[in-house]
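J.: Okay, sequence plus prediction incoming.
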Amino acid sequence: GNSVTQMEGPVTLSEEAFLTINCTYTATGYPSLFWYVQYPGEGLQLLLKATKADDKGSNKGFEATYRKETTSFHLEKGSVQVSDSAVYFCALNLQTGANNLFFGTGTRLTVIP
Amino acid sequence: DAGVIQSPRHEVTEMGQEVTLRCKPISGHDYLFWYRQTMMRGLELLIYFNNNVPIDDSGMPEDRFSAKMPNASFSTLKIQPSEPRDSAVYFCASSLGLAPSNEQFFGPGTRLTVL
């Protein structure tokens, strides 16, 4: 089947610390991979994406590289800010013509000053 | 564009009552999705539409749940009768086109509490 596994939270970091949120996937075929972010009281919004192996998605200082050999798409940021506090969701979408996202369970990040 | 619009933002009702959640997708988007988010189960896809036609409703929990999309700019998710275990945040999302790499745009959600 198709699924996404994220590291469990919550994650608490001090400002300017390095962030890694692990994500691995299982999929039939060749998925597109996404990171969505949910700020408190809001809906999800796309943070970054990658559509094929070895692609690197990046946005707002966050990066993730599509690793087919390890079926992973880990999210990283070199220096987090308080405003990065949110829930982060890894997701995949299969390239089979159906626009259907499979989400991980989400990882809550809290950044303290 | 105003983005995906959902109403109401909060709904509190009593067990057994009918609940109707509303969604207006981004103009021009041809896919519309309904999701449910709970602490226990995370984010679940309930149903999605393409060009107003339901494509996959396998995520709808049971017959108490129904969704319609009478036109390209409006969709409803109805729960009748509601139960306390339906308490969750319900999100509507829309996207353009068939490509799996296309972004889904989410509304702010409706927080439903069933007492």
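T.: Yep, it's here. Residues are numbered from 1 along each chain as shown, chains lettered A, B, ... in the order given.
J.: Pull the contacting residues for residue 90.
T.: By default, I'm working from chain A. Taking C-beta atoms under 8 Å, 6 or more residues apart in numbering or on different chains as the criterion, residue A:90 is in contact with A:4, A:6, A:21, A:23, A:25, A:33, A:34, A:35, A:73, A:75, A:103, A:104. In short, each C-beta sits where N, CA and C put it, glycine included.
J.: not quite, I wanted chain B
T.: Applying C-beta under 8 Å, 6+ apart, the residues near residue B:90 are B:6, B:21, B:34, B:35, B:36, B:37, B:77, B:109, B:110, B:112.
J.: Narrow the contacts of residue A:90 to those that are buried.
T.: A:4, A:6, A:21, A:23, A:25, A:33, A:34, A:35, A:73, A:75, A:103, A:104 (16 or more other C-beta atoms under 10 Å in any protein chain shown).
J.: right, and the fifth one touches residue A:5 too?
T.: Pointing back at residue A:25 there. Yes. The pair residue A:25 and residue A:5 qualifies as a contact (C-beta atoms under 8 Å) at a distance of 7.3 Å.
J.: What's the per-residue pLDDT of the one residue in chain B that gets nearest to chain A here?
T.: Of all residues in chain B, residue B:106 sits closest to chain A, at 3.4 Å by C-beta to the nearest C-beta. Note for residue B:106: predicted pLDDT of 93.
J.: residues near it, how many?
T.: 23 (other C-beta atoms under 10 Å in any protein chain shown).
J.: Look up how far residue A:28 lies from the closest residue to chain B within chain A.
T.: At 3.4 Å from chain B, residue A:43 is the closest residue in chain A, using C-beta to the nearest C-beta. Counting by C-beta to C-beta, to the nearest Å, the gap from residue A:43 to residue A:28 is 29 Å.
J.: With neighbour numbers in mind, choose between these two.
T.: Using other C-beta under 10 Å as the criterion, residue A:43 and residue A:28 rank with residue A:43 on top: 22 against 9.
J.: can you tell me the average pLDDT over the host helix or strand of residue B:67?
T.: Element membership for residue B:67, per DSSP states H and E: strand B:65-71. The average pLDDT within strand B:65-71 is 97.
J.: Around chain B, which positions in chain A sit nearby?
T.: A:31-32, A:34, A:36, A:41-46, A:49, A:51, A:89, A:93-101, A:103-106 (C-beta under 8 Å from any C-beta of the partner chain).
J.: Return the members of those residues classed as buried.
T.: A:31-32, A:34, A:36, A:43-44, A:46, A:49, A:51, A:89, A:93-95, A:99-101, A:103-106.
J.: Just to be sure, which of those are found in strands?
T.: Among those, DSSP state E puts A:32, A:34, A:36, A:44, A:46, A:49, A:89, A:93, A:101, A:103 in strands.
J.: Which residue, other than its chain neighbours, is closest to residue A:78?
T.: residue A:18 (5.9 Å; C-beta to C-beta, 6 or more residues apart in numbering or on different chains).
J.: wait, that neighbour sits on residue A:77?
T.: Yes. Contact criterion C-beta under 8 Å: residue A:18 and residue A:77 qualify, at 7.3 Å.
J.: Keep only the contacts of residue B:90 that also lie close to chain A.
T.: residue B:109.
J.: Among the contacts of residue B:90, find me the one that's closest to residue B:52.
T.: residue B:34 (13.7 Å; C-beta to C-beta).
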